[in-house]
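*Asks:* Predicted structure and sequence below. I'll ask about it afterward.
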Amino acid sequence: YPNQPKITGFKSYPLLGTLPEFLKNRHRFLDWTTGVLSATPSNTAVFRRPGKVHGIITANPANVEHVLKTNFENYPKGTKFISLLEDFLGRGIFNSDGDLWRVQRKTASYEFNTKSLRNFVIDTATVEIRTRLVPILEKAAESGRVLDVQDMLERFAFDNICKVAFNVDPGCLGGDGTAGGEFMRAFEEAATLSSGRFMYAFHHLYKIKKYFNMGSEHKLMKSIATVHEFADKIIKSRMEEKSENKDEDLLSRFIGTDKMSTELLRDVVISFILAGRDTTSSALTWFFWVLASNPEVEKKILNELETIRNRNAKRIGDAYSFEELREMHYLHAAISEAMRLYPPVPVDTKACLNDDVMPDGTFVAKEWFVTYHTYAMGRMESIWGSDCCEYKPDRWLENGTGFCRQESPFRFPVFHAGPRMCLGKDMAYNQMKSIAASVMERFEFDVQGDKETSPGHLLSLTLRMKGGLAVKVRERCMG
Ligand code: HEM
């Protein structure tokens, strides 16, 4: 590739390409690649593996815009990505390209824009906060026991998204969670093991293991069977009662369109559960962690909540309406800032269909992968300035008004961008703000352990905190 800029970023060896470096740094993939990208002039690096597989990783907003929007048709998810997740996700919206994706996107975007879905989502979250989350925190405060906030939020999000996706309450948080617990565990295992397939040094290794039904592939198939059985049962019974069904959940809305087979309905529902499950819990876990070392931010959030309560004659513990959630500009900024440094989906990969040149001059050949690195982008001086690694919610506020400003999704692709932009963005912010506000006004979290050094993370499809977030809970004294 004569026109390829000389600087490849990654150290490359004859024959072996970047592989030795990859194997050495696989356990700290995000920080390793962030370091490499920030040291290259256009924040883009070429990745070489033995044989013919190549790709690029970029943290350059112009390249991201090119891939996600301007030349969208040239950068599908691609057959490799789709085949890795296909056993689990089938061809649901999250794991399809072309017409199959377009049809689902159209129906889903229509539904995600309805007021009825928005209200259903807010009501569902409000009920769960009042009946499950707050009682658990009250108990923890009373007993003084250490609580894992990440685990609590994951359970909350799982119950919540199951209710929104197919109006089923698995009761993983607080409830006895017997049937739902098994479903959640199987879902979790299927997501982790499917995403583990991306980390094989040799792409086909998983196929051999799958063929012989060995090790992790054996486990994966078992967990997928559990997830599919649970979902199939619900879909079947829902279809039988179709005529009188007036539920607001996503499954009912998709059944109502009469366009989908039972199998595709299952794929759609599973895709939505995956999308809504670990993302908000990941964002909030890191948010509560950064808050522990930023008491002045916590104070400003509490002041904002108090102002809203006073304006609307509300008491602590009353549910917040959609309009009130919208008024929480500082909280919005504080959550966005946490996601800038700890994006729930830290990297995302597309396939290149035809040879192309990126806006920064990097050549990309047909069949290469193109990864945009959201985690690295949050830490690029070229995008956020010299204080890029500091947690400063104020950088999100419009001068003078105190309103939270919109950032270009190509500089901040936390929710993706372009035609495949996350459909649940508003839903996610509403849910996260509702939880953060209700929890913070009543309770204080005393984070256990080191508050200054960033905890490690586990990389599955989302960025999870290694070991969870251990806190002691105290009831807040409101003076
Ligand atoms: C903080 C929370 C969230 C973040 C950071 C987030 C981020 C993302 C990202 C990066 C993608 C692109 C993934 C890809 O194409 O590879 C995506 C897609 C998607 N998200 Fe979210 N998401 C969040 C919450 C939600 C929620 C609550 C839902 C609701 C169920 C949702 C529904 C979707 C759907 C359906 C897609 C696929 C869109 C398509 O391919 O056309 N997301 N999200």
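*Replies:* Cool, got the structure.

*Asks:* Not counting sequence-adjacent ones, nearest residue to the residue of the stretch 101-250 of the chain found nearest the ligand?
*Replies:* Nearest residue of the stretch 101-250 of the chain to the ligand (Cβ to the nearest ligand atom) works out as Arg105 at 4.7 Å. C-beta here means a position set from N, CA and C on the backbone, and glycine is covered the same way. Once flanking residues are discounted, Arg105 sits nearest to Ile93: 6.3 Å by Cβ to Cβ, 6 or more residues apart in numbering.

*Asks:* just to revisit the earlier point, and the residue of the stretch 101-250 of the chain closest to the ligand, how many neighbours?
*Replies:* Neighbour count of Arg105, defined by other Cβ atoms under 10 Å: 15.

*Asks:* Equivalent analysis for the one 5 residues further on, please.
*Replies:* Using other Cβ under 10 Å, the number of residues around Tyr110 comes to 12.

*Asks:* helices and strands around the strand or helix carrying it, which ones?
*Replies:* Using DSSP states H and E, the element containing Tyr110 is helix 98-112. With contacts defined as 3 or more Cβ pairs under 8 Å, 6 or more residues apart in numbering; DSSP states H and E, the packing partners of helix 98-112 are helix 250-256.

*Asks:* what about the helix it packs on and the ligand, any contact?
*Replies:* No - taking Cβ under 6 Å from any ligand atom as the criterion, helix 250-256 and the ligand are apart, separated by no less than 7.6 Å.

*Asks:* Quick check on Val426: phi, psi?
*Replies:* One thing to correct before we go on: residue 426 is Asp, not Val. Main-chain dihedrals, Asp426, degrees, to the nearest 10: phi -70, psi -40.

*Asks:* quick one: it and Val121 touch, right?
*Replies:* No - judged on Cβ atoms under 8 Å, Asp426 makes no contact with Val121 at a distance of 9.1 Å.

*Asks:* Settle it for me: which of these two has more neighbours?
*Replies:* Set side by side, Asp426 and Val121 show more neighbours around Val121, with 26 against 17, by other Cβ under 10 Å.

*Asks:* ok, back up a step: now the helix holding Tyr110: mean pLDDT?
*Replies:* Mean per-residue pLDDT for helix 98-112: 90.

*Asks:* With stretch 300-316 instead?
*Replies:* Averaged across stretch 300-316, pLDDT comes to 94.

*Asks:* cool, stretch 30-37 as well?
*Replies:* Stretch 30-37 comes out at a mean pLDDT of 92.

*Asks:* quick one: it to chain centroid distance?
*Replies:* Distance of stretch 30-37 from the chain centroid (Cα atoms, centre = their mean, to the nearest Å) equals 20 Å.

*Asks:* buried sites along it?
*Replies:* Within stretch 30-37, the residues that qualify as buried are 30-34, 36-37, counting by 16 or more other Cβ atoms under 10 Å.

*Asks:* what residues does the stretch 251-400 of the chain put near the ligand?
*Replies:* Residues of the stretch 251-400 of the chain lying near the ligand by Cβ under 6 Å from any ligand atom: 272, 275-276, 279-280, 283, 344-345, 348.

*Asks:* Sitting in helices, which of these do you find?
*Replies:* Counting by DSSP state H, these place 272, 275-276, 279-280, 283 in helices.

*Asks:* that older thread, I'd assumed Ser109 was in contact with the residue nearest to Arg105.
*Replies:* No - at 10.1 Å, Ile93 does not count as touching Ser109 under the criterion of Cβ under 8 Å.

*Asks:* who's more crowded, these two?
*Replies:* Ile93 (21 against 12).

*Asks:* who's in contact with the more buried one?
*Replies:* Going by Cβ atoms under 8 Å, 6 or more residues apart in numbering, Ile93 touches 101, 104-105, 108, 268, 271-272.

*Asks:* Equivalent analysis for Ser454, please.
*Replies:* By Cβ under 8 Å, 6+ apart, Ser454 lies in contact with nothing.

*Asks:* Tell me which helix or strand it sits in.
*Replies:* For Ser454, there is no host helix or strand (DSSP H and E).

*Asks:* Need phi/psi at it.
*Replies:* phi -60, psi 130.

*Asks:* For it, give its distance to Trp396.
*Replies:* Distance, Ser454 to Trp396, by Cβ to Cβ, to the nearest Å: 21 Å.

*Asks:* Next, whatever residue of the stretch 351-479 of the chain ends up closest to the ligand: phi, psi?
*Replies:* Taking Cβ to the nearest ligand atom as the measure, the point where the stretch 351-479 of the chain comes nearest the ligand is Gly424, at 2.1 Å. Gly424 adopts backbone torsions of phi -100, psi 20, taken as degrees, to the nearest 10.

*Asks:* Ignoring the adjacent residues along the chain, who's closest to Ile161?
*Replies:* Among residues not flanking Ile161 along the chain, Gly276 sits closest, at 3.7 Å (Cβ to Cβ, 6+ apart).

*Asks:* Now for the one you found: which residues touch it?
*Replies:* By Cβ under 8 Å, 6+ apart, the residues touching Gly276 are 157, 160-161, 164-165, 424, 427-428.

*Asks:* what's the farthest-apart pair in those residues?
*Replies:* The distance between the two most remote of the contacts of Gly276 (Cβ to Cβ) is 14.1 Å, for Ala165 and Ala428.

*Asks:* For Phe412, see how far away Ser386 is.
*Replies:* Per Cβ to Cβ, Ser386 is found 18 Å from Phe412.

*Asks:* okay, the two: which has more neighbours?
*Replies:* Between Ser386 and Phe412, Phe412 has the larger neighbour count (other Cβ under 10 Å), namely 22 against 7.

*Asks:* List the contacts of the more buried one.
*Replies:* Listed by Cβ under 8 Å, 6+ apart, the contact partners of Phe412 are 336, 340, 377-378.

*Asks:* Need phi/psi at it.
*Replies:* Phe412 adopts backbone torsions of phi -130, psi 70, taken as degrees, to the nearest 10.

*Asks:* Show me where the stretch 301-450 of the chain dips below the pLDDT cut-off.
*Replies:* Low-confidence segments of the stretch 301-450 of the chain, defined by pLDDT under 70: none present.

*Asks:* which residues touch stretch 252-262?
*Replies:* Applying Cβ under 8 Å, 6+ apart, the contact partners of stretch 252-262 are 103, 107, 111, 117, 166-167, 232, 235-236, 238-239, 242, 245-246, 265, 268-269.

*Asks:* do that again at 6 Å, thanks
*Replies:* Contacts to stretch 252-262, defined as Cβ atoms under 6 Å, 6 or more residues apart in numbering, come from residues 107, 111, 235, 245, 265, 268.

*Asks:* For the stretch 101-250 of the chain, what lies in contact range of the ligand?
*Replies:* Residues of the stretch 101-250 of the chain found near the ligand (Cβ under 6 Å from any ligand atom) are Arg105.

*Asks:* could you pull out the helices for the stretch 101-250 of the chain?
*Replies:* With DSSP state H, counting those that start in this stretch as the criterion, the stretch 101-250 of the chain has helices at 115-128, 134-143, 149-166, 178-196, 205-211, 215-240, 250-256.

*Asks:* Identify, out of those helices, the most deeply packed stretch.
*Replies:* Of these, the one with the most neighbours on average (mean count of other Cβ atoms under 10 Å) is helix 149-166, at a mean of 24.

*Asks:* For it, name the packing helices and strands.
*Replies:* Judged by 3 or more Cβ pairs under 6 Å, 6 or more residues apart in numbering; DSSP states H and E, the packing partners of helix 149-166 are helix 115-128, helix 262-292.
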